[in-house]
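Asks: build me a model:
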Amino acid sequence: MITKNLCLSLLIGCWLLLFSTSKAQSNNPLDVAFGDPFVLYDEETDAYYMYGTGGVENGFVAYSSKDLKKWEHRGTVYIAQQDKSWGTKDFWAPEVYKRGGKYYLFYSAHWKENPNDELENYRIGIATSTNPTGPFIDLTGRPLFDPGYPIIDGNVYFAEDGRLYLYYSRCCYKNPVQSEIAAWAKQQGMFDEIEESWIYGVELASDFSHVIGEPKLLLRPPVSRDDKQSEWESRSVTSGEVNRRWTEGSYLFKHNNLYYMMYSANHFGGENYAVGYATASHPLGPFEKSATNPILQKNISNGGIVSGTGHNSLLRDKEGKVWCVYHGRTTKTGSQRLVFLDELKILPNGQLIVDGPTVKP
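Replies: Modelled structure (predicted):
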């Protein structure tokens with residue numbers, strides 16, 4: 001016969017087990033409709049702050065959390081209607097870094113200086129605030145720099161020697177590239193040309209005022225169809241979805257003297273968006289792509305409900321656990337991009353594994 005005390009003990013035990021298990025989990029997908037999510041942990045406020053694409057027209061909003069599960073909407077943190085604004089539309093991919101007591105917002109937008117009326121006139125700019133929830137004010141009234149072609153997805157790496165490095169993606173726009181995939185697509189009568197986006201890196205001044213030297217090409221889609229990366233990085237083309245191949249959404253970190261660059265390939269609006277990574281012995285390469293790519297991709301082909309997984313960043317939480325923060329879609333939520341957090345694991349041989357995509361209540 002089960003006594004009341006035994007029932008109570010079992011109930012408490014189950015509750016403790018549930019608490020200890022759920023503490024290391026996130027509630028995927030989060031109730032945050034962001035693309036390109038980025039999370040900052042701020043020691044001063046002992047809180048996490050999330051930024052991303054969406055939530056307000058021509059600007060950015062933020063969410064905050066104490067436990068990575070429940071997120072509070074904190075309102076608009078940046079809006080283009082300000083004196084030094086240089087962007088006109090398509091405000092994308094915000095990343096916020098804290099330095100010297102201030103918060104710096106790197107973002108992409110369509111540049112108003114557009115004498116040739118380019119359809120994709122994107123550049124990267126910086127705004128600053130004394131609070132993680134803004135308001136963020138543009139520093140100069142101009143983009144950080146102009147490489148002569150449209151760029152998006154700025155990511156900054158703070159090196160141990162004090163140097164800073166900026167990574168970004170050159171847009172596919174007006175960048176047709178000859179490759180065996182392009183030749184195949186034309187032969188199949190699918191597309192006349194294939195445009196590509198490439199990831200570049202360049203040193204950044206310590207005060208964020210300018211770049212140092214010339215940008216260096218670091219990653220691009222494979223030229224040969226025999227390349228091991230070609231199949232997964234070309235799915236948007238081979239499926240007939242669109243005449244573009246992307247290499248974007250870069251995120252750089254260091255582990256055991258090796259530099260890891262995570263990146264996304266395929267159309268951000270389609271089901272084939274996926275994440276891979278490459279490694280190098282220097283922040284500016286040369287980078288070698290992992291033979292285990294992609295490490296994060298749709299699971300709808302295997303009975304799951306998640307697709308369009310990509311544009312990730314990383315977060316080390318207060319307990320030291322590393323999370324892969326990314327957006328995805330589900331069969332239940334349709335085309336809306338939602339935020340996911342899944343654990344990133346680094347094996348003893350240096351291989352990266354993302355424990356996802358997962359769906360957790």
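Asks: straight-line length of stretch 314-333, end to end?
Replies: The first and last residues of stretch 314-333 sit 24 Å apart, counting by Cα to Cα, to the nearest Å.
Asks: and it, what's buried?
Replies: By 16 or more other Cβ atoms under 10 Å, the buried positions in stretch 314-333 come out as 314-315, 323-330. Heads up, the C-betas are built off the backbone N, CA and C, glycines and all.
Asks: any idea of the mean pLDDT for that stretch?
Replies: Averaging pLDDT along stretch 314-333 yields 96.
Asks: what's the answer for stretch 346-361, then?
Replies: For stretch 346-361, mean pLDDT rounds to 95.
Asks: that one: end-to-end distance?
Replies: OK, stretch 346-361 end separation, Cα to Cα: 26 Å.
Asks: off-centre distance for it?
Replies: Centroid separation between stretch 346-361 and its chain, computed with Cα atoms, centre = their mean, to the nearest Å, is 16 Å.
Asks: give me the contacts around it.
Replies: 25-29, 255-256, 258, 260, 262, 275, 277, 279, 290, 292, 295-296, 298-299, 304-306, 309, 322, 324, 328, 330, 340, 342-345 (Cβ atoms under 8 Å, 6 or more residues apart in numbering).
Asks: so how do I select the buried members of the residues you listed in ChimeraX?
Replies: Remark: buried members of these, expressed as a ChimeraX selection using 16+ other Cβ under 10 Å:
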select :26,27,28,29,260,262,275,277,279,290,295,296,298,299,305,306,309,324,328,330,340,342,343,344
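Asks: which residue ranges of the stretch 101-250 of the chain form helices?
Replies: Using DSSP state H, counting those that start in this stretch, the helices assigned to the stretch 101-250 of the chain run over residues 180-187, 230-233, 235-238.
Asks: buried stuff in the second one?
Replies: Same thing as helix 230-233. For helix 230-233, the neighbour count (16+ other Cβ under 10 Å) marks 230, 232-233 as buried.
Asks: export these to a markdown table and append columns for distance to residue 128 and pLDDT.
Replies: Formatted as a markdown table, the buried residues of helix 230-233 follow (distance: Cβ to Cβ, whole Å; pLDDT from 0 to 100):
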| residue | distance to residue 128 | pLDDT |
| --- | --- | --- |
| 230 | 41 | 98 |
| 232 | 38 | 98 |
| 233 | 36 | 98 |
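Asks: so which of these is the closest to residue 336?
Replies: For the buried residues of helix 230-233, the minimum distance to residue 336 (Cβ to Cβ) is 24.3 Å, reached by residue 232.
Asks: tally of neighbours for the residue lying closest to the closest one once chain neighbours are set aside?
Replies: Nearest residue to residue 232 in three dimensions, chain neighbours excluded: residue 294, at 5.0 Å (Cβ to Cβ, 6 or more residues apart in numbering). For residue 294, the neighbour count with other Cβ atoms under 10 Å is 25.
Asks: same question, residue 42
Replies: Other residues within reach of residue 42, judged by other Cβ under 10 Å, total 15.
Asks: roughly how far does the residue nearest to it when sequence neighbours are not counted sit from residue 28?
Replies: For residue 42, ignoring the flanking residues on the chain, the nearest one in space by Cβ to Cβ, 6+ apart is residue 132 at 5.4 Å. Applying Cβ to Cβ, to the nearest Å, the value for residue 132 to residue 28 is 24 Å.
Asks: ok, residue 261 next?
Replies: 25 Å.
Asks: wait, residue 307 touches residue 333, no?
Replies: No: under the criterion of Cβ atoms under 8 Å, residue 307 makes no contact with residue 333, lying 10.7 Å away.
Asks: on that earlier part again, I'd like to know which of the buried residues of stretch 314-333 is nearest to residue 243.
Replies: Closest approach to residue 243 among these (Cβ to Cβ): residue 329, at 22.1 Å.
Asks: host element of the closest one?
Replies: Assigned by DSSP states H and E, residue 329 belongs to strand 322-330.
Asks: centre of the chain to the helix or strand following that strand, how far?
Replies: Sequence order places strand 338-346 as the next helix or strand after strand 322-330, per DSSP H and E. Distance of strand 338-346 from its chain centroid, counting by Cα atoms, centre = their mean, is 12 Å.
Asks: who does the very next helix or strand once past strand 338-346 pair up with?
Replies: The C-terminal neighbour of strand 338-346 among helices and strands, as given by DSSP H and E, is strand 352-354. Strand pairing for strand 352-354, using DSSP bridges, gives strand 338-346 (antiparallel).
Asks: what's near enough to touch residue 285?
Replies: With contact set as Cβ under 8 Å, 6+ apart, residue 285 has these partners: 201, 216, 218.
Asks: out of those residues, which are inside strands?
Replies: 201, 216, 218 (DSSP state E).
Asks: I'd like the distance between residue 282 and residue 244.
Replies: Residue 282 sits 29 Å away from residue 244, going by Cβ to Cβ.
Asks: what about these two, which has more around it?
Replies: Remark: of residue 282 and residue 244, residue 244 carries more neighbours, 21 against 11, as counted by other Cβ under 10 Å.
Asks: from residue 120, how far out is the closest residue to the more buried one other than its chain neighbours?
Replies: Spatially, and ignoring its direct neighbours in sequence, residue 244 is nearest to residue 172 (4.4 Å; Cβ to Cβ, 6+ apart). Going from residue 172 to residue 120 by Cβ to Cβ gives 8 Å.
Asks: same deal with residue 261?
Replies: Here residue 261 is placed at a distance of 23 Å from residue 120 (Cβ to Cβ).
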